[in-house]
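> build me a structure from this.
(one chain, ligands or ions: 1)
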Amino acid sequence: MLLKKINDQSAIIGVVGLGYVGLPIAVGFGKIGYSIIGMDLSSEKIEQLRVGHSYIPDVSTADINKLVQTNRFTASMDTKPLAEADIIFISVPTPFDAQKSPDLTFVRSAVENIATILRPRQLIILQSTTYPGTTKEVVLPILAQTGLTVGEDFHLAFSPERIDPGQVGSAGFDIYNTPKVVGGMTPKCTELAATILAKLTPLIHKVSSPAIAEMSKLLENTFRSVNIALVNELAVLCERMGLDVWEIIEAAKTKPYGYMPFYPGPGVGGHCIPVDPYYLSWKAREYDFHTKFIEIAAEVNSEMPYFTVEKITKILNEQGKPLRKSHILIIGVAFKRDIDDARNSPAQRVIELLVKAQAFVTYHDPYVKTFQVGHNVFLEKKHMIENIPLTVENIKSADCTVIITGHSNINYQRLANHSLILLDTVNVTKKLYVEGENIIRLGGSH
Ligand SMILES: NC(=O)c1ccc[n+]([C@@H]2O[C@H](COP(=O)([O-])OP(=O)(O)OC[C@H]3O[C@@H](n4cnc5c(N)ncnc54)[C@H](O)[C@@H]3O)[C@@H](O)[C@H]2O)c1
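Below is the predicted model:
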């Protein structure tokens, strides 16, 4: 019955959590002909969707508007409409707490809500990145409390999301051609989940359990974390040895096999690379296993904002200036280039350390309109940092300008021409062939 509905496109798709992952999935299915019921706790997001507006740069307002106008996309803060959905994707946040232990509050509350409307023949697919065992040990018990049996009455699977916000389509990959991994609680769960996902992308890789699918996502992100840590460590060493790490990477990159370039920077940000390895380490401890390699990588990466601030201090010192009361202009506070998401961004910690040292900090980011730091162990009070336009006067007023995120729509030539000192932590000035005595690179030879 569900299989038939999936194949004739009469299946209704529910999406719980309409953020960077959920909204593209909802619109992705909408565009190929399915009707969507979205649910989110954010009244602002629901309001925007109701009037046909997108708040995610990778999703077009035109696409949402079309779906809303034709009544094929409804969104609300209410769980009840989801009773009509045949398939429900869950894409809610999976952050860590202050001690870096997994915080599954959002997953639990989303699943508890779904349990209130769960009915036979529904398929639930968890997409949030999490530790192996979550679907079976956390999600299933909540759904099973309804008295319904998995694999018989309802179906449950895990399928990780691989979206790369801000880069969608840039490397030729989007939601319709990125392979999806899927593992269900039973073979039938896997089969049904694979069938609906295959409507989106023909490249489906079925695995034997949700735990395998959960772990595969953690492997992908931990792989990035470990490799970024390796080049970060190399960058720190290169500085000491007076070698340019960027030139070294360019040279190594010419090997056509067995090497993949990763780049150093002021830290890793977002809600995946700095978070996911801790999910795995936490779960591993239950098995008396310490993921040393993964934790060393996380440690190296989390040291980078401190290293960046040390470098700023050193640069100012060479100019005969103390960090205290110096004006530091930060370029880019989003966690990566060309996106508006500033969660866990390296700029956060860098700015907190600078403010703590009583530097005067401003920033410029065309994507992130307002930015606040503090209210944690680093800075007791919240501080709003001023977003200033990149006028020549503003650039000249800074004792040191620091590029933390290399957005592509910033005039680096102007920055290079007018900055007293420009610290480039991501080598974006090199890419643009901007050279100058006043430019210093993290991991560079001077
Ligand atoms: N953003 C990415 O690049 C990316 C890529 C792959 C995987 N992921 C993973 O996907 C998951 C979601 O990430 P995201 O970036 O989309 O997060 P997000 O914060 O952009 O979106 C999550 C949404 O869920 C909503 N929400 C929270 N609790 C809810 C509940 N109980 N019911 C309904 N809605 C609820 C929030 O209001 C928010 O709109 C995370 O596990 C993340 O690690 C993210």
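> in the stretch 151-300 of the chain, what residue lies closest to the ligand?
With CB to the nearest ligand atom, the shortest gap between the stretch 151-300 of the chain and the ligand falls at residue 161, namely 4.0 Å. The C-beta positions use only the backbone N, C-alpha and C, and glycine is treated the same way.
> give me the neighbour count for that residue.
By other CB atoms under 10 Å, 20 other residues sit near residue 161.
> repeat for residue 306
14.
> still on that earlier bit, quick check: the residue of the stretch 151-300 of the chain closest to the ligand touching residue 91?
Yes: contact status for residue 161 versus residue 91: in contact at 6.7 Å, counting by CB atoms under 8 Å.
> now for these two: what residues contact both?
Common neighbours of residue 161 and residue 91, using CB atoms under 8 Å, 6 or more residues apart in numbering, are 21, 25, 127.
> and the ligand, which of these reach it?
Filtering the shared contacts of residue 161 and residue 91 for neighbours of the ligand using CB under 6 Å from any ligand atom leaves 21, 127.
> closest to the ligand among the shared contacts of residue 161 and residue 91?
For the shared contacts of residue 161 and residue 91, the residue nearest the ligand by CB to the nearest ligand atom is residue 21; the value is 3.5 Å.
> re earlier: in helices, which of the shared contacts of residue 161 and residue 91 appear?
If you go by DSSP state H, the shared contacts of residue 161 and residue 91 have residue 25 in helices.
> Throw the shared contacts of residue 161 and residue 91 into TSV and include pLDDT, thanks.
Converted to TSV, the shared contacts of residue 161 and residue 91 look like this (pLDDT from 0 to 100):
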residue	pLDDT
21	95
25	97
127	98
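> any chance of JSON lines for the shared contacts of residue 161 and residue 91, columns neighbour count?
Output for those, formatted as JSON lines (neighbours: other CB atoms under 10 Å):
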{"residue": "21", "neighbour count": "24"}
{"residue": "25", "neighbour count": "24"}
{"residue": "127", "neighbour count": "23"}
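> and which of the shared contacts of residue 161 and residue 91 is nearest residue 390?
Distance to residue 390, by CB to CB, is smallest for residue 21 among the shared contacts of residue 161 and residue 91, at 32.0 Å.
> wait, is residue 75 part of a strand?
Yes: under DSSP: H, G, I helix; E, B strand; the rest coil, residue 75 sits within a strand.
> quick one: contacts for it?
Contact analysis of residue 75 by CB under 8 Å, 6+ apart lists 18, 37, 38, 39, 40, 45, 46, 49, 50.
> excluding residues flanking it in the chain, which one is nearest the fifth one?
Spatial nearest neighbour of residue 40, chain neighbours left out: residue 18 (4.3 Å); criterion: CB to CB, 6 or more residues apart in numbering.
> surely that neighbour is in contact with residue 39?
Yes: here residue 18 lies in contact with residue 39, judged by CB under 8 Å, at a distance of 7.5 Å.
> please tell me how far the nearest residue to residue 158 once chain neighbours are set aside sits from residue 126.
Setting aside the residues directly before and after it, residue 158 is nearest to residue 210 in space (CB to CB, 6+ apart), at 3.7 Å. Applying CB to CB, to the nearest Å, the value for residue 210 to residue 126 is 8 Å.
> does the residue of the chain found nearest the ligand fall in a helix, a strand, or a coil region?
Of the chain, the residue with the smallest distance to the ligand, taken as CB to the nearest ligand atom, is residue 19 at 1.8 Å. At residue 19 the chain is in coil, as set by three-state DSSP.
> hang on, residue 9 packs against residue 33?
Yes: using CB under 8 Å, residue 9 makes contact with residue 33 at a distance of 4.7 Å.
> close to the ligand, is stretch 6-17?
Yes: against the ligand, stretch 6-17 shows contacts by CB under 6 Å from any ligand atom at 16, 17.
> just the buried residues of that stretch, please?
6, 11, 12, 13, 14, 15, 16, 17 (16 or more other CB atoms under 10 Å).
> now do it: distance from first to last residue.
End-to-end distance for stretch 6-17: 22 Å, by CA to CA, to the nearest Å.
> same thing with stretch 315-331?
End-to-end distance for stretch 315-331, by CA to CA: 17 Å.
> sorry, back to before: dump the shared contacts of residue 161 and residue 91 into a markdown table; add distance to residue 81 as well.
Converted to a markdown table, the shared contacts of residue 161 and residue 91 look like this (distance: CB to CB, whole Å):
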| residue | distance to residue 81 |
| --- | --- |
| 21 | 20 |
| 25 | 17 |
| 127 | 20 |
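> how about the residues of the protein by the ligand?
Close to the ligand, as judged by CB under 6 Å from any ligand atom, the chain has residues 16-22, 39-42, 45, 91-94, 106, 109-110, 127-129, 161, 163, 165, 271-272.
> what about 5 Å?
16-17, 19-21, 40-42, 91-94, 106, 109-110, 128-129, 161, 163, 165 (CB under 5 Å from any ligand atom).
> so which of those residues sit within strands?
Applying DSSP state E to the residues of the chain next to the ligand, the entries found in strands are residue 16.
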